[in-house]
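> Sequence first, predicted model second:
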Amino acid sequence: MKNGQRRTLYRVAFRSLKTGRMQSGFVAAAIALTALLLTAVLTLAISLNKTMERTSMMTAGSDFHGSFKYLTPDEADRLSRHPSIIEFSKAIAVGSASNPALGTSSLEVDWADGKAPKHSFVDFLEGGLPKAEDGIAMPSWSLDLLGVPHRLGAEVKLYIGVADSRTLTRTFRLSGYFEGNPNLGMSGIAYVSKAFVDRELKDFDPARTRLNGTYTNTTRLDVMFNNSLRIESKLKRVMADTGIQAEYGVNWAYTSVSLGDNRNDWLPYAVLFLIIMLSGYLLIANIFYMTVSRDIRFYGLLKTIGTTPRQLRRIISAQAHLLFAAGLPAGLVLGYGAGVLLLPMLGSYTDMPGGTVRSASPAIFAGAALFAYVTVRIAAGRPGRIAAAIAPVEAVKYAGVSGGAGQGKRGKPGRTRASQRGGRLPQMALRGLLRSRRRLAMMAASLTLALILFGTLVSVIGSLDVNQYLNAFITGDAQVKEQTLAGGMAVQERSGTITDGVVAELAAAPGVARVDRVLFREMNLKIGERARRFLEPLAAAEDPARPALTQTLKHGFLPLQIYGLDPGWYDVLRRNDIVEGAFDAKRFATGRYALISQSLLGDTEGSYLHPGDTLSLGDKQGSYEVMAVLNTDALYAAGTRFFTLAGFSVYLPAETMAAHFPDRSILSATVQANPGEIAEAVRSMSAIAGSLPGTEFKTRADYRAEMQGYINLLRVLGYSLGGVVALVGLLNYITTALAGMHSRRKEFAVLESIGMTNAQLRRLLIYEGLFTTLLIALLAGLIGVPVVILTASGIAGQMAFMFYRPILWPLAAGVALFALVSWAVTWTGTRSQSRSSAVERLLEAE
């Protein structure tokens with residue numbers, strides 16, 4: 001029956017909280033801390049995710065969810081009318097500019113509709129897309145290379161390579177220009193008008209050009225769905241519904257795409273987030289339980305005057321709502337502020353184009369608030385059921401302990417322990433802890449989780465290996481290297497400015513001890529019977545719309561990248577770089593052996609050859625025994641950082657390659673300086689490299705400075721997060737211990753009345769703290785160590801610049817800190833107890 005007493009119940013709940021301000025404050029602080037932690041983590045996670053997505057989109061060239069490629073106009077129209085596509089943009093491929101002034105830089109020529117700039121991060125400095133037939137919009141870097149002034153109406157002469165090996169030579173007028181970086185997706189595109197396409201490409205049938213692989217006059221349809229979940233399945237559904245089979249692309253920049261492909265990579269992070277959530281839950285639940293236990297006699301008195309069990313549950317629920325309302329706003333505001341303050345630090349340590357993106361997504365606040373609310377409701381549920389179930393007489397006699405000498409559960413007689421030598425303090429302390437097993441378990445779980453999280457974060461940060469990071473990019477003190485071509489163009493078109501004469505000049509420069517070269521050449525290897533048998537099953541299983549391996553088999557050749565390494569590169573190989581076989585530097589230097597990489601075969605990797613097989617590159621190029629098979633990412637610093645489908649890399653000694661491949665080029669030259677002469681060697685190399693166009697010059701110090709920024713960032717974030725969780729665990733223990741002392745005031749008074757001194761009481765509580773510390777140490781050893789090792793090694797294994805090292809001192813330091821805090825809490829609590837006499841405390845209990 002409704003009685004209209006909801007306001008009265010809230011008034012009782014509020015006044016009950018006021019009587020225990022300290023404990024109520026602890027609950028509100030726990031809620032605020034939990035909300036702070038979650039809000040800060042979500043703010044950083046979502047902001048960093050958006051930043052990385054934006055950076056990846058700029059590299060990919062678009063924020064569209066996906067695209068259909070190489071379409072005819074009719075196919076593009078039919079696909080665009082599908083109801084699941086909420087927005088689309090069309091582009092027509094014209095060709096590629098081949099002006100000598102562009103050098104090795106790639107500049108595509110396309111037509112695109114008016115929606116393209118907004119979704120392709122094209123921000124016009126002046127003008128816009130062309131409307132006149134001879135109009136063109138171009139990136140600023142291409143104008144600089146062509147010597148065209150940044151002025152609307154300026155003439156631009158382009159040589160455009162199109163299908164059938166034809167070249168269109170046309171003079172355009174600049175209709176607009178935008179800031180561009182040749183290494184980013186849409187910055188390598190020039191836009192012509194639709195009228196130009198209609199006139200110049202009318203003789204090119206898109207259905208024919210897509211068959212011969214030139215794609216002139218084919219249409220690309222970029223599409224946007226209502227969200228970024230399951231993009232590939234949505235693209236396939238559109239094709240199935242329209243009956244059109246086409247090549248398609250999924251925008252890999254969206255996190256949902258990589259998350260779906262690599263779910264196991266997120267498991268360690270999920271464990272960390274689960275630990276954070278459990279730490280907050282245990283703190284709130286434990287303190288709330290203490291609060292209800294403190295007021296259990298009050299609830300019993302309410303029952304004696306007619307309060308129903310349901311009303312008691314509502315009173316406790318009202319307390320939960322009031323405390324939630326008090327603690328949540330501060331937690332959300334402080335958590336978001338902490339995330340926003342830490343975010344610019346990340347921006348200062350990264351080279352992300354456009355800087356970091358600060359997110360104020362409602363999901364941040366909704367997620368933190370929802371978890372905090374669910375935690376509070378769950379935490380209040382069990383104490384509410386206890387208060388509602390206890391009989392009024394039992395509640396009135398409740399003294400804060402559940403069982404003990406002469407008292408069992410719910411006040412029933414318990415087992416009496418006789419002793420001829422009196423009560424021993426260690427035994428009394430152990431029995432005192434075990435009387436409230438639930439309280440002990442929650443406190444131990446909270447502290448153990450805090451230790452696990454802090455230990456994991458310290459292990460991850462300690463696994464950062466600067467030298468391993470540096471070796472992924474540079475092996476010596478400085479390096480001059482041919483720049484990787486934008487857009488994955490053929491690498492044989494490199495400028496070739498690093499010559500044998502340049503290497504000799506570097507070797508003779510002051511301070512230089514040694515120069516290690518990387519020689520390079522591309523070639524095609526005819527597919528043998530063994531490779532064909534390997535590829536045919538994979539080609540039969542691939543998507544008919546993307547028959548990449550089928551085309552490879554049709555052409556009959558495998559693309560190879562041949563590298564020649566000087567001895568300075570031999571030490572770069574790590575054990576986990578080798579998939580099969582073993583590397584022996586002395587045998588490799590004889591020139592009779594080769595190292596090969598695995599091949600990228602669509603969604604998998606594999607190798608046509610194995611250690612002991614013979615690799616024949618040609619009559620003049622020689623035959624070599626395969627010594628070992630490497631990961632595709634092995635020797636990343638030595639390579640072009642460009643990978644070909646179905647092909648593989650071959651590594652030979654530099655002298656062997658120079659003898660068998662006279663037309664090879666020098667990809668990079670790495671300088672090893674004499675001890676104490678690094679600065680002089682770097683100055684000498686910098687002066688030489690400055691006169692070499694199309695090359696990149698970097699020193700080991702440059703990479704080290706970049707790495708140090710990441711290390712500082714991870715340390716700040718990791719230690720901040722670990723510190724907050726450790727604070728949550730310690731706060732849980734402090735509140736539990738102080739609440740336990742308060743609820744046992746009558747017990748302590750009885751012990752004092754039969755002769756226990758204050759010193760003995762303090763020793764009793766110190767023993768309890770010692771036993772609790774031993775329990776935490778046991779849990780940290782049995783549970784904490786394996787979890788820390790598995791989680792930290794899982795995270796470190798995903799990072800190229802980490803080498804996992806077990807770091808367990810944080811667990812030991814955490815146990816020692818807890819022992820110190822336990823002693824301080826005991827000393828403070830017993831000192832507070834001693835301010836009133838045993839008689840006063842006995843009367844207070846009555």
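Thanks, I have it. What you see is a predicted model; the values in this text were computed from it and never measured.
> residues contacting the closest residue to residue 593 other than its chain neighbours?
Excluding the flanking residues, the one nearest residue 593 by Cβ to Cβ, 6 or more residues apart in numbering is residue 627, at 4.2 Å. Placement of C-beta: from N, CA and C, glycine included. The neighbours of residue 627, taking Cβ atoms under 8 Å, 6 or more residues apart in numbering as the test, are 581-584, 587-588, 593-595, 611.
> Report the secondary structure element holding residue 627.
Assigned by DSSP states H and E, residue 627 belongs to strand 623-630.
> returning to what we had before: pLDDT value on the residue nearest to residue 593, please?
As predicted, residue 627 sits at a pLDDT of 95.
> One more: the one 4 residues further on?
Model confidence at residue 631, given as pLDDT, is 87.
> Break down the stretch 101-250 of the chain into its strands, ranges please.
Ranges of strands in the stretch 101-250 of the chain, per DSSP state E, counting those that start in this stretch, are 108-112, 124-127, 135-139, 155-161, 167-178, 189-192, 219-224, 247-250.
> nearest to residue 315, of the ones you listed?
strand 219-224 (51.6 Å; Cβ to Cβ).
> Run the angle between that closest one and strand 108-112 for me.
If you take axes from the mean of the first three to the mean of the last three Cα atoms, to 10 degrees, strand 219-224 sits at 60 degrees to strand 108-112.
> helices and strands around strand 219-224, which ones?
strand 66-71, helix 73-80, strand 87-97, helix 116-119 (3 or more Cβ pairs under 8 Å, 6 or more residues apart in numbering; DSSP states H and E).
> if you set the cut-off to 7 Å instead, what comes out?
Applying 3 or more Cβ pairs under 7 Å, 6 or more residues apart in numbering; DSSP states H and E, we find strand 219-224 packed against strand 66-71, helix 73-80, strand 87-97.
> what does that strand contact?
Defining contact as Cβ atoms under 7 Å, 6 or more residues apart in numbering, one finds that strand 219-224 is touched by 62, 64-69, 71-73, 76, 79-80, 85-93, 119, 206.
> for the protein, what helix or strand is lowest in average pLDDT?
Here the helix or strand of the chain ranked lowest by mean pLDDT, DSSP states H and E is helix 255-261, holding a mean of 54.
> elements contacting the helix or strand where residue 442 lies?
According to DSSP H and E, residue 442 maps onto helix 437-462. Where contact means 3+ Cβ pairs under 7 Å, 6+ apart, helix 437-462 is packed against helix 267-294, helix 700-743, helix 758-779, helix 785-797, helix 809-833.
> The shortest one to helix 809-833, inter-axis angle?
With the same axes, to 10 degrees defining the directions, helix 785-797 sits at 130 degrees from helix 809-833.
> on contacts alone, who are the packing partners of helix 785-797?
Using 3+ Cβ pairs under 7 Å, 6+ apart: helix 785-797 touches helix 267-294, helix 437-462.
> tell me the angle that helix makes with helix 437-462.
Using the same axes, to 10 degrees: helix 785-797 against helix 437-462 is 30 degrees.
> ok now helix 785-797, how far from the chain's centre?
From the chain centre to the centre of helix 785-797 is a distance of 15 Å (Cα atoms, centre = their mean, to the nearest Å).
> Quick check: mean pLDDT of it?
78.
> Over to the first one?
The predicted model gives helix 267-294 an average pLDDT of 68.
> cool, and the last one?
Helix 809-833 shows an average pLDDT of 79 in the prediction.
> Show me which residues of that helix are buried.
For helix 809-833, the neighbour count (16 or more other Cβ atoms under 10 Å) marks 810-811, 814-815, 818-819, 821-823, 825-826, 829-830, 833 as buried.
> re the thing from before, so can I have TSV of the strands of the stretch 101-250 of the chain showing mean neighbour count?
Below are the strands of the stretch 101-250 of the chain laid out as TSV (neighbours: other Cβ atoms under 10 Å):
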stretch	mean neighbour count
strand 108-112	21
strand 124-127	13
strand 135-139	24
strand 155-161	17
strand 167-178	18
strand 189-192	26
strand 219-224	23
strand 247-250	20
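> Rebuild those as TSV, extending it with distance to residue 679 and mean pLDDT.
Shown next, in TSV, are those (distance: least, Cβ to Cβ, whole Å; pLDDT from 0 to 100):
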stretch	distance to residue 679	mean pLDDT
strand 108-112	43	91
strand 124-127	40	90
strand 135-139	38	93
strand 155-161	45	92
strand 167-178	41	92
strand 189-192	43	91
strand 219-224	50	92
strand 247-250	48	84
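> Which one of these lies nearest to residue 677?
strand 135-139 (42.2 Å).
> Show me what the closest one is packed up against.
Short answer (3+ Cβ pairs under 7 Å, 6+ apart): strand 135-139 packs on strand 167-178, strand 189-192.
> mind checking the longest strand of this structure?
Ranked by residue count, the top strand of the chain under DSSP state E comes out as strand 512-526.
> Note down every partner strand of that one and its orientation.
Strand 512-526 has its sheet partners listed here by DSSP bridges as strand 557-565 (antiparallel), strand 665-673 (antiparallel).
> Out of these, which is the most enclosed?
Across the strands paired with strand 512-526, averaging neighbours per residue (mean count of other Cβ atoms under 10 Å) puts strand 665-673 on top, at a mean of 23.
> Just the residues contacting that one, thanks.
For strand 665-673, the external contacting residues (Cβ under 7 Å, 6+ apart) are 474-482, 494, 496, 498-499, 502-503, 506, 511-521, 568, 640, 681, 685.
> What's the PyMOL line that selects buried ones from those?
Of these, the buried ones go into a single PyMOL selection, burial set by 16+ other Cβ under 10 Å:
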select buried, resi 474+475+476+477+478+479+480+481+482+494+498+502+503+506+511+512+515+516+517+518+519+520+521+568+640+681+685
